[in-house]
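J.: Attaching a predicted model along with its sequence, questions to come.
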Amino acid sequence: MTERESRTESDTRENTLRVAVADHVRVKDESEIMIDFRLVAIDYELWALGKYLDVLEHQLPFMKEQERRQALARLRNRHLDWPDTEMELQKLDELVDNIVPRLLRSPFLVSLWSVYEAAVIEIAGHLQREKGEGSSIEDIRRGSFLDKAKKYFDHVLRFRLCTDDPQEWEWLDMLAVLRNAVAHSGGRIAAVKPGIRSKIDCWQKRNIGISVSYGYLTLSHDFLQTAYGIVNDSLSDLLSRVRALE
């Protein structure tokens, strides 16, 4: 990512946060200003995640270069013969080019999904109280979190969880699967169920930034940027519709 692209993304997030904060201020009349802080933490969490992704990608090249320099210095001090040196250099390339980015980027996906899931639960609870519903989202027993959330919003709250764009739901489902692969197996493909592996294989072929390197799930910056945009847009739309009820 270039410095100009980084600044553009950062400015976009700053504008998004300003708009979100402005949404909480309502002018009832000339003498009374109403400030609505319902669900405001979700806006701040989304903003912070975006900033974190910007910082991560800005620092990653520096961290990789530092690791390479330090490893080469250690290697010179070991006075190995050429075959052993070549093997160590191959290990260094794998560390710098694949392992470091993977270990830094994968936790972002886990955090992103945590924010989405917690936000949906919080919004569902808010609507439950507003509508006086007796059952909560936790009362839906079967299915994945997304399946249970959609059932609860559709049939109990009678309020749309997502937009009508099928790509949004497809991406949310994909993020949930990938998050579980990272959180439960550290991204080790051999440790995921065959059905999940088949999905990951299909997603790899779409060239959207998902790959498998030396048996580990690897996610590109472009993929995380798109994932963040999907989650941010989905929750922002949901929040706007909830706040428009009053």
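T.: That came through fine. Residues are numbered from 1 along each chain as shown.
J.: mind listing the strands in the chain by residue range?
T.: Remark: strands assigned in the chain by DSSP state E are 25-29, 32-35, 210-213, 216-219.
J.: show me where the protein has helices.
T.: Using DSSP state H, the helices of the chain run over residues 3-22, 40-78, 82-94, 100-131, 145-151, 166-185, 194-204, 221-243.
J.: Including mean neighbour count and distance to G215, could those helices go into JSON lines?
T.: C-beta: built from backbone N, CA, C; applies to glycine. As requested, those are arranged in JSON lines below (neighbours: other C-beta atoms under 10 Å; distance: least, C-beta to C-beta, whole Å):
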{"stretch": "helix 3-22", "mean neighbour count": "13", "distance to G215": "32"}
{"stretch": "helix 40-78", "mean neighbour count": "15", "distance to G215": "21"}
{"stretch": "helix 82-94", "mean neighbour count": "12", "distance to G215": "12"}
{"stretch": "helix 100-131", "mean neighbour count": "18", "distance to G215": "11"}
{"stretch": "helix 145-151", "mean neighbour count": "18", "distance to G215": "27"}
{"stretch": "helix 166-185", "mean neighbour count": "17", "distance to G215": "11"}
{"stretch": "helix 194-204", "mean neighbour count": "14", "distance to G215": "11"}
{"stretch": "helix 221-243", "mean neighbour count": "18", "distance to G215": "19"}
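J.: averaging pLDDT over each of the ones you listed, which comes out lowest?
T.: The minimum mean pLDDT among the helices of the chain belongs to helix 3-22 (a mean of 54).
J.: ok, the spatially closest residue to H221 that is not a sequence neighbour to W113 distance?
T.: Residue nearest to H221 in three dimensions, not counting chain neighbours: E57, with 5.2 Å by C-beta to C-beta, 6 or more residues apart in numbering. With the distance defined as C-beta to C-beta, to the nearest Å, E57 ends up 19 Å from W113.
J.: rewinding a little: reformat the helices of the chain as a markdown table; add distance to L157.
T.: Output for those, formatted as a markdown table (distance: least, C-beta to C-beta, whole Å):
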| stretch | distance to L157 |
| --- | --- |
| helix 3-22 | 22 |
| helix 40-78 | 17 |
| helix 82-94 | 49 |
| helix 100-131 | 5 |
| helix 145-151 | 10 |
| helix 166-185 | 17 |
| helix 194-204 | 29 |
| helix 221-243 | 10 |
